[in-house]
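Novice: quick one: sequence and predicted model below, then my questions.
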Amino acid sequence: MANPSIDGFLKTRPITPQAALAQQKHRFGKNPTVAGDPVASPKGTPRFIPPPPTNLNNLNLALNVVLPEETAAAQTAGVLVFDAVGDTGGVYGDVQKAVADAMEAQRAAAAGAKRPPAAFLYNLGDVVYFNGLRNLYISQFYEPYQDYHAAIFAIAGNHDGDTQTRPGDPADTEPSLFGFMRNFCDTVSHPDSAYRPTMTQPYVYWTLEAPFTRIIGLYSNVDGSLDARGTTEQQRWLNTQIAAVPKDQCLILAVHHPPYSLDTTHRGYPEIEVAIDTAIKETGRVPTAVLSGHVHSYQRYERTVGAAKVPYVIAGAGGYANTAKLLHKIEKTAQGKPLPKNFQTTHPDLKLAHFVDTDPGYLRVSVNGTKRTLTLEYFAVPFTGTPSGQAVDSVVASW
């Protein structure tokens, strides 16, 4: 379905991962510096592990089926609020608990002030380190969130789907995604812990239908791609889901591997960039926002797509990075200084609007169905001291 407002955008963007890489001016590795190219060259051999089979039918979940009271409250208020953060698996310490406590404190304060509290947490992947094993969910998921009194949905990250900690290690005895499917995609909710029941999402990639909003959650596997070479199952499903979103609803895409990043460890993933651009081309619909994790920092990009200014946001400092050293740092200028706000990348339609690479934190997402605005706010949870409760970055998008 053609959309004249984005035709010019499509002509300037790559339509295959190979074309995306060919546009780059640098290969990153030993000395990433001031290139400002937010897409990485692939490192090593891509490792795609097929997810459990599905027939691609009934992969939608209505929020009111799981949370009827929260759904009714959002419809009455005209606003849906939820938290979002990734890379939470707290294998190293208490930062995950600190982030969870900060989110819950904000929820309680909002309810006390008669503002809409967060209805749920949307985890952006890497729930459990390092290989998503079922027996690690108690210590890395249920216990850290025991005082977070809202439901938790999730997409899977590379650590949730991987079956080897390092190349050459013996493979795990559990198949890929076994722990994730057991705890988030069970057919019937059951108490796997004393703190919260398991979730009943339909699959590892799925769509949440909420008031004023569709959140399409993708699975970018272990290697940062939607589909195995030569196949297009998830891409076709994504295109169909986007095309079905009503025009009066906010469209949020959630995918663990970010299409863009200027961190010095990963950079962005060209196959995710291409998958989103392919969906835009096929449907003529531009997402209101794209949310990702994987990179252990906060980055917000502004991407110009036709007349739209689309936030592409990374919020991957949710708990695994328990020291400043484990946070993924953003590249610096040639003079060794931090990149300025609204830094122009090598992609002419993409600017790095803001970043935080010194402390953990989380997103609060507010969808106003009356005004048709999406507000994204980032709250830092410092390693030392207490959270201020004030957003360190925010942006408003519309649809």
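Specialist: That came through, no problem. Residues are numbered from 1 along each chain as shown.
Novice: for the rest of this, base every contact and every neighbour count on C-alpha atoms.
Specialist: OK.
Novice: what helices or strands is the one helix or strand I272 maps to leaning on?
Specialist: Counting by DSSP states H and E, the element that carries I272 is helix 270-283. For helix 270-283, the elements it packs on are helix 17-22, helix 233-243, judged by 3 or more C-alpha pairs under 8 Å, 6 or more residues apart in numbering; DSSP states H and E.
Novice: nearest residue to P170 other than its sequence neighbours?
Specialist: Q164 (6.6 Å; C-alpha to C-alpha, 6 or more residues apart in numbering).
Novice: re earlier: by mean pLDDT, show me the worst of the helices and strands packed on helix 270-283.
Specialist: Here the lowest mean pLDDT among these goes to helix 17-22, at a mean of 58.
Novice: heading C-terminal from it, find the next helix or strand.
Specialist: Using DSSP H and E, the helix or strand that directly follows helix 17-22 along the chain is strand 60-62.
Novice: surely the residue nearest to P170 touches P175?
Specialist: No - taking contacts as C-alpha atoms under 8 Å, Q164 lies outside contact range of P175: 10.6 Å.
Novice: what helices or strands is whichever helix or strand L363 is part of leaning on?
Specialist: Element membership for L363, per DSSP H and E: strand 361-368. Secondary-structure packing of strand 361-368 (3+ C-alpha pairs under 8 Å, 6+ apart): strand 79-85, helix 95-112, strand 308-315, strand 373-380.
Novice: quick one: closest of these to V204.
Specialist: For V204, the closest of the helices and strands packed on strand 361-368 is strand 79-85, at 17.1 Å, according to C-alpha to C-alpha.
Novice: give me the sheet partners of the closest one and which way each runs.
Specialist: If you go by DSSP bridges, strand 79-85 pairs up with strand 120-123 (parallel), strand 361-368 (antiparallel).
Novice: what angle do strand 373-380 and the longest one make with each other?
Specialist: With axes from the mean of the first three to the mean of the last three C-alpha atoms, to 10 degrees applied, the angle from strand 361-368 to strand 373-380 works out at 160 degrees.
Novice: restricting to C-alpha, output strand 361-368 in PDB.
Specialist: This file holds the C-alpha atoms of strand 361-368, laid out as PDB (Å, rounded to 0.1, in the frame of the first residue of the first chain):
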ATOM      1  CA  GLY A 361      17.100   3.400  34.400                       C
ATOM      2  CA  TYR A 362      13.800   2.700  32.800                       C
ATOM      3  CA  LEU A 363      11.100   4.100  30.500                       C
ATOM      4  CA  ARG A 364       7.600   5.200  31.400                       C
ATOM      5  CA  VAL A 365       5.300   5.200  28.400                       C
ATOM      6  CA  SER A 366       2.100   7.200  28.300                       C
ATOM      7  CA  VAL A 367      -0.500   6.900  25.500                       C
ATOM      8  CA  ASN A 368      -3.100   9.600  25.400                       C
END
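Novice: what does that strand contact?
Specialist: Contacting residues not belonging to strand 361-368 are listed as 78-85, 99, 103, 118, 212-213, 250, 298, 315, 317-318, 373-382 [C-alpha atoms under 8 Å, 6 or more residues apart in numbering].
Novice: tell me which of the helices and strands packed on strand 361-368 sits nearest to P51.
Specialist: Closest to P51 of the helices and strands packed on strand 361-368, according to C-alpha to C-alpha: strand 79-85, at 22.8 Å.
Novice: what about that closest one, distance to the chain center?
Specialist: Offset of strand 79-85 from its chain centre (C-alpha atoms, centre = their mean, to the nearest Å): 13 Å.
Novice: same question for it, mean pLDDT?
Specialist: Rounded mean pLDDT across strand 79-85 is 98.
Novice: count the neighbours of A84 for me.
Specialist: By other C-alpha atoms under 10 Å, the residues close to A84 number 28.
Novice: I figured it was touching G125, is that so?
Specialist: No - A84 is beyond contact range of G125, at 10.2 Å (criterion: C-alpha under 8 Å).
Novice: still on that earlier bit, P311: which of the strands paired with strand 79-85 is closest?
Specialist: strand 361-368 (12.1 Å).
Novice: buried set for the closest one?
Specialist: For strand 361-368, burial by neighbour count (16 or more other C-alpha atoms under 10 Å) applies to 361-368.
Novice: Throw these into CSV and include distance to V396 and pLDDT, thanks.
Specialist: Output for those, formatted as CSV (distance: C-alpha to C-alpha, whole Å; pLDDT from 0 to 100):
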residue, distance to V396, pLDDT
G361, 19, 98
Y362, 17, 98
L363, 13, 98
R364, 12, 98
V365, 10, 98
S366, 9, 98
V367, 10, 98
N368, 10, 98
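Novice: of all the residues you listed, which comes closest to I280?
Specialist: For these, the nearest to I280 is V367 (21.5 Å; C-alpha to C-alpha).
Novice: what's the helix or strand for the residue sitting furthest away from the middle of the chain?
Specialist: Most distant from the centre of the chain: Q335, at 31.8 Å, with distances by C-alpha atoms, centre = their mean. For Q335, there is no enclosing helix or strand under DSSP H and E.
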